[in-house]
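1. Build me a structure from this.
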Amino acid sequence: MNSYSDRSDDQLISLYVNGDNEAFDALLERHKDFVYGYIFHVVKNEDVANDIFQETFVKVITSLTSGRYTENGKFSAWVTRIAHNRIIDYYRQVKNEALQSTDATELNILNRKEYSEATIEDSMVSTQIHEDVRKLICHLPSLQREVVIMRYYKDMSFKEISETTKVSINTALGRMRYALINLRRLADEHQISLSI
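-> Here you go, the predicted structure:
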């Protein structure tokens, strides 16, 4: 990783987008302390900060690989803005959960689909989607399948996944990213809808 230390962020991004995963490791190493520190300073909770940090870098990976980052020499500002947006999303969710009241006259929040019992049709569709996803997961390469199972079925954080599999967090995130890309591709190839 020493050979990456004299490269700019934009050079590392270019290398990563062209398939050099170690370049992203260097980028993550360069910015992780500042980004995590920023998140923790705002939320003041280690578990929440870890979750938001992971979500931030999943978004970074997704954006970089889909070409949604414009090279302008301001990667640190860009990644901080992503972290900031994730923090705002977190507080909106907390606020929405705290502000819900059954006394609201203009809206009965308990009369919502997510609080009602599923119809037989919804239940059948949901069951079918879960079965389809399980079948698709079986077609993933073993390392990608392992990360998906740990994250979504065992509810492990990327930090826990990296420690369990003895790889870097970046590698775990990368495997998840490729797994999601492959699941979407497989779903499209088999004309499987993954939403109700």
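2. rest of the way, CA atoms for contacts and neighbours
-> Fine.
3. For the chain, name the helix or strand with the lowest mean pLDDT.
-> Least confident element among the helices and strands of the chain, by mean pLDDT, DSSP states H and E: helix 120-138 (a mean of 75).
4. downstream neighbour of that helix in the secondary structure list?
-> Using DSSP states H and E, the helix or strand that follows helix 120-138 in sequence is helix 142-148.
5. mind giving me the domain split of this protein?
-> Annotated domains of the chain cover 2-99, 121-189 [automatic domain parsing].
6. Let's have those domains in a markdown table, adding mean neighbour count.
-> Formatted as a markdown table, those follow (neighbours: other Cα atoms under 10 Å):
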| stretch | mean neighbour count |
| --- | --- |
| domain 2-99 | 16 |
| domain 121-189 | 16 |
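7. Lowest mean pLDDT across those, which one is that?
-> Mean pLDDT is lowest for domain 121-189 among the domains of the chain, at a mean of 84.
8. Off-centre distance for it?
-> Centroid separation between domain 121-189 and its chain, computed with Cα atoms, centre = their mean, to the nearest Å, is 12 Å.
9. Residues contacting stretch 154-169, please?
-> Contacts to stretch 154-169, defined as Cα atoms under 8 Å, 6 or more residues apart in numbering, come from residues 51, 54, 147, 150-151, 171-173.
10. Please repeat the previous calculation with a cut-off of 10 Å.
-> 25, 28, 47, 50-51, 53-55, 57, 143, 146-151, 170-176 (Cα atoms under 10 Å, 6 or more residues apart in numbering).
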